[in-house]
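**Student:** need a 3D model of the following:
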Amino acid sequence: MVLNHVLNKSFYFWVSIFMTNFNSWCCNLWRHAIAVFIVFTSNSLVAYAEVPADIQTETWWQGGALDEGGELSVKRSSSDERAYRYLKLSNGIKVLLISDPDTDKAAASLNVNVGSFQNPLERDGLAHFLEHMLFLGTDKYPQAGAYQLFISEHGGRHNAYTSMEDTNYFFGIDAEYLFAALDRFSRFFVAPLFDEAYVDRERNAVDSEFRLKLKDDSRREWEVFGEQVSPTHPLSRFSVGNLETLADREDHSAREDLLAFYKKYYSAERMTLVVLGRETLEQLEEEVRSRFSAVPNNADSKTMDSGLAKADLAKADLVKPDLIKKDTVLTLQKPLPLELDIQPIKDQRTLSIVFPMPGVAKHWRTKPSVYWGHVLGDESEGSLIALLKKAGLANGLSAGLVFDTSQGAMFVIEMDLTPAGVSQKSQVLDSVFAWLNLAREQGLARWRFDELAKLQQTNFQFIEEYAPESYVHQLSPALRHYPPEEVLRGPFWLSEFDKQILADFVGRLRPDNAVVMLVAPEVKKTTRTSIRYGAPYLITPVDTETRSRWAVSVVKKLSLAPANPYIAKSYPLSDKGGASNEPVKLDSKMEATVWHYTDQQFGSPRGIFEARIASPEVHACANAARTDLYLAIVRDTLRTKTYQANLAGLGFSLYRWNNGIGITVNGYVERQQVLLDQVLNTMANPQWQAQSFVRLRDKLVRDWRNSRKEWPVKQLFAQLGPLVKGACDAIVLADALETVTIEDLQLFYKTIYKKGHARFYAGGVLSIEQALAMADATVSKLKVGENGDVALFEKVVQLPEKLTTGSVHVDHADHSVLLYIQGDEDTLGERANMAIINTILEAPFYTTMRTEKQLGYVVGTNIMHMNRVPGVGLYIQSPHSSVQQLEQYINEFLIGFEETLTSLNEVDLQRFKSALLANIEEKPHNVLEQAARHQESLYLGYDDFQFRKKLVEQVKVLSLSGLQEAYRRLFMDGSRRLWLVTSHVEPTQAVLKHDDLVATDAGIYSYPE
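**Tutor:** All right, here's what the predicted structure looks like:
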């Protein structure tokens, strides 16, 4: 797998490792350093677009350097119909405006070129702390939480993250409220308050975030590596912050340091802004100039007219500047090569070979890290990972640049090892360096570069739209990395085959520039413990003999990938801009149901085919575990065969759901049937290799058992499905699978299909004939439904009308609670009640529990519908409050919230209804999202595909009195409540189980037959 290029990706996240305040991403040390937003979409056959033979041609791109009016023109994909304008404000802010008259959501993102690398010597975590503080009041909108409430009340989402050299703020909102949101957003960068009371409180939130991940293995590994880095390099520093690093000092307070940092770094010339709305470019420009021209530019000594008190600024000027001299390259304290052995908390085994090097961002036209990640991350036959898998030594591999900064970069090859791989670490490393030696000798070839460039260009030409807030927050940091006219295509563009740059890069991937990191439970001998996260580790130099052996290592079975045979020659396109239509049920000779959707909106050359096979054989947990192993074996077998197909824009997925399995194939349609046939043939006749069987069985068991070492709140959420839906608990699955033999699995897997019933969905460019052929191939190859059993529907326990409590034992110092409140009925009216109540209470719940009471970093509410059964969840994880206290806080909030609802008027209700409707009615951005909407309706039993339309009707008719009555009925006395709480004591009696709820409930919700 390649870490850092955008093959098969709709776009990219130019995000450095460790985004310390982005809840929805959990960044692993290497594997998730650059998060990629993957969107495969599919459209129907109407027209054709031939791929140019000359991959260098400019006819691929719309736009040039200057348009007829002399204005800089942003180069965009020919499939992108939005209008763009680049401008630079008088204060130095670089701005990209995007006008999309058809959008129902608007968005904005501002990126500041400052991050944890700029933390002052005595203030680890200050950049991250400042990011938190900007949400807590400005001169014009002083109330803490007012910004968040406004976004929430108008169908929006918001977030921020701090990385090494960037801090990024972004939001999305109902399109008509963009300018009002920009008015609030812009004040973050003009006149934040840094209120003393909230400085003290928000320190606790940062500390809670730190404590939350004390047992996070990626954080622990990162700290161990950082302790080996030269102390003059900012990578050696603690980036998150805690109560110790953010405490007031005798000679200066944390607030004074915040002011100094803000004044020094939050300067206009460091900022890039992207705004997307449905207004014209002229209207957007006028609004941006009026709001953001007030941001100060401190680089040219302009007065900071921020609204901050003069006394505060005077104090800020007295604070010490950075005391660290920054290196320009990443250096370690000891000579390389080095070996680091680290004890993990989870039962996991990874081997990483880390190569420090100078930053390569300036070589964006050649992209040496992308090229070599492509070569070294190959997983096809003859590759390093294929060899290691056959030997039973590894399960997976990734290769790529994990960060690229002005202070250096790091290229990493990481492998997920088996226990045998750990015991044969020396053999694995010999193979790794043989792979690198082979790449240096044979990997640098013009045809490989041209093939990669063509793949990248194809994906850019047919790029799909997706959520505006995701789009803008990816573009805002890109605006500082690429020339403005190249900000869209720059991440894809390979135009300069520079042999010297490519050779220099791979030349650094050598033994004497390597740090070898082993993370495994087998690491017993350690001599050090990391400072804050307490990770035991050992550091040793690599001896001369080993280094010499690596330098000349050869493995004859290794071979580099051949030319990709899956690259399509033509790309059929669907219509664009037409009216949305609904899927139709096709006439078929099969007993199975086949739905077909003809896209007329998106103009994309992709298709999607999905088969859902319901079978009674899958539901029992012992069989569910067997099914997961069977699918893992199929995926593993197919990986070498289909890796190049994946690079060429074709993908597949196999998954288990409660009552069956699913098969999805998507991407460019020319060779989609070929890929499906490969998948089906392997599913029908798996390769039964004893070594692979044991390797994959043991990996599944380890992964399931490791779930008990996640954050406490994650463990609570993981228990909800087993309790309420009868889903299989991870430990139950692990116990069931440990004793399964290869003979057991060979007897079992065919029974899935014999008693199965299939439902198919095909859409995008796939024609009716193709849809029927793919469905027929699935039924015939897998022999589905020979006995004609009726499909099963998932069922949900109806909770008793009383309080029910279950506890989960966790090995973590934090306490956590989850309150699940279930609807009385499985109707759309009840779903509307739950949804509007959650919309109203989510922002005040967060502000009360997180900002005001400072209970913890992880606080929130969620819509928690279980199939057709509506529900809401409220959750808190706290490092200092007990479970009993957290329960009390939630109960007090819910009691007080009844008064809030009583005080609402019709105008308030309409505002919240509009926010909810904006999210329900948000248009799909591509065929994949459209297909998900169709599957949603089918899954919930609405084969007229009107689920959302009918839900909208129920929301619109909600009355104020009806809402207030629903809250009393659902959230107060007599409501169906399930408390899940953490415990630090091993249970002495039986814990709550699904069967306990079934035995005491008033019935079981289920779909109508």
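**Student:** which of the helices or strands spans L696?
**Tutor:** Under the criterion of DSSP states H and E, L696 resides in helix 690-706.
**Student:** got the buried residues for that helix?
**Tutor:** With burial defined by 16 or more other C-beta atoms under 10 Å, the residues of helix 690-706 counted as buried are 692-693, 695-706. Every residue, glycine included, has its C-beta placed from N, CA and C.
**Student:** what helices or strands is it leaning on?
**Tutor:** Applying 3 or more C-beta pairs under 8 Å, 6 or more residues apart in numbering; DSSP states H and E, we find helix 690-706 packed against helix 384-390, strand 394-405, helix 621-647, helix 730-737, helix 742-754.
**Student:** the ones you listed: which one's closest to E282?
**Tutor:** Shortest distance between E282 and these, using C-beta to C-beta, is found for strand 394-405: 36.4 Å.
**Student:** partners of the helix or strand following the closest one in the sheet?
**Tutor:** Counting by DSSP H and E, the next helix or strand C-terminal to strand 394-405 is strand 408-417. Strand 408-417 pairs in its sheet with strand 350-357 (antiparallel), strand 394-405 (antiparallel), by DSSP bridges.
**Student:** which other residues reach the shortest one?
**Tutor:** Contacts to strand 350-357, defined as C-beta atoms under 8 Å, 6 or more residues apart in numbering, come from residues 29-30, 225, 329-332, 336, 408-417, 421-422, 425, 428-429, 432, 505, 508-510, 513-520.
**Student:** now the residues you listed: which count as buried?
**Tutor:** Neighbour counting with 16+ other C-beta under 10 Å marks 29-30, 225, 330, 332, 336, 408-417, 421-422, 425, 428-429, 432, 505, 508-510, 514-520 as buried within the contacts of strand 350-357.
**Student:** so which of the contacts of strand 350-357 are in helices?
**Tutor:** The members of the contacts of strand 350-357 that map onto helices under DSSP state H are F225, G421, V422, K425, V428, L429, V432, F505.
**Student:** among these, which two are most distant?
**Tutor:** V422 and F505 (29.8 Å).
**Student:** between the helix holding L696 and strand 408-417, how big is the angle?
**Tutor:** For helix 690-706 against strand 408-417, the angle by axes from the mean of the first three to the mean of the last three C-alpha atoms, to 10 degrees is 110 degrees.
**Student:** can you tell me what sits against helix 690-706?
**Tutor:** 346-348, 389-392, 395, 416, 418-419, 625, 628-629, 632-633, 636-637, 730-731, 733-734, 737-738, 740, 742, 745.
**Student:** quick one: low-confidence parts of this protein?
**Tutor:** 2-71, 299-328, 574-580, 786-793, 987-1009 (pLDDT under 70).
**Student:** burial measure for the residue lying closest to P536 once chain neighbours are set aside, as a count.
**Tutor:** Distances taken as C-beta to C-beta, 6 or more residues apart in numbering put T526 closest to P536, at 3.9 Å, once the chain neighbours are dropped. Under the neighbour criterion other C-beta atoms under 10 Å, T526 is assigned a count of 14.
**Student:** what separates the helix or strand hosting S548 from the chain centre, distance-wise?
**Tutor:** Taking DSSP H and E as the criterion, S548 maps to helix 544-551. Computed by C-alpha atoms, centre = their mean, to the nearest Å, the chain-centroid distance of helix 544-551 equals 39 Å.
**Student:** same check on stretch 407-415?
**Tutor:** 20 Å.
**Student:** cool, and stretch 947-963?
**Tutor:** With C-alpha atoms, centre = their mean as the basis, the distance from the averaged C-alpha position of stretch 947-963 to the chain average is 32 Å.
**Student:** could you do stretch 260-279 as well?
**Tutor:** Here stretch 260-279 is found 25 Å from its chain centre; the criterion is C-alpha atoms, centre = their mean.
**Student:** buried set for that stretch?
**Tutor:** By neighbour count, with 16+ other C-beta under 10 Å as the criterion, the buried positions of stretch 260-279 are 260-279.
**Student:** same question, stretch 973-987
**Tutor:** Buried residues in stretch 973-987, defined by neighbour count with 16+ other C-beta under 10 Å: S975, R976, R977, L978, W979, L980, V981, T982.
**Student:** CSV for the residues you listed, including secondary structure and distance to F189?
**Tutor:** Formatted as CSV, those follow (DSSP: H, G, I helix; E, B strand; the rest coil; distance: C-beta to C-beta, whole Å):
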residue, secondary structure, distance to F189
S975, coil, 44
R976, strand, 46
R977, strand, 43
L978, strand, 44
W979, strand, 42
L980, strand, 41
V981, strand, 41
T982, strand, 39
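**Student:** name the nearest of these relative to F945.
**Tutor:** Within the buried residues of stretch 973-987, proximity to F945 (C-beta to C-beta) peaks at R976, which comes in at 30.0 Å.
**Student:** in contact with the closest one, which residues are there?
**Tutor:** Residues near R976 by C-beta under 8 Å, 6+ apart: Q798, L799, P800, E801, I821, Q822, G823, D824, L970.
**Student:** if you set the cut-off to 7 Å instead, what comes out?
**Tutor:** Going by C-beta atoms under 7 Å, 6 or more residues apart in numbering, R976 touches L799, P800, E801, I821, Q822, D824.
**Student:** are any of those residues buried, and if so which?
**Tutor:** Among those, the ones that count as buried by 16+ other C-beta under 10 Å are L799, I821, Q822, D824.
**Student:** apart from its neighbours in sequence, what residue is nearest the first one?
**Tutor:** Computed as C-beta to C-beta, 6+ apart, the closest residue to L799 that is not its neighbour in sequence is R976, at 3.8 Å.
**Student:** separation between the one you found and E825?
**Tutor:** 11 Å (C-beta to C-beta, to the nearest Å).
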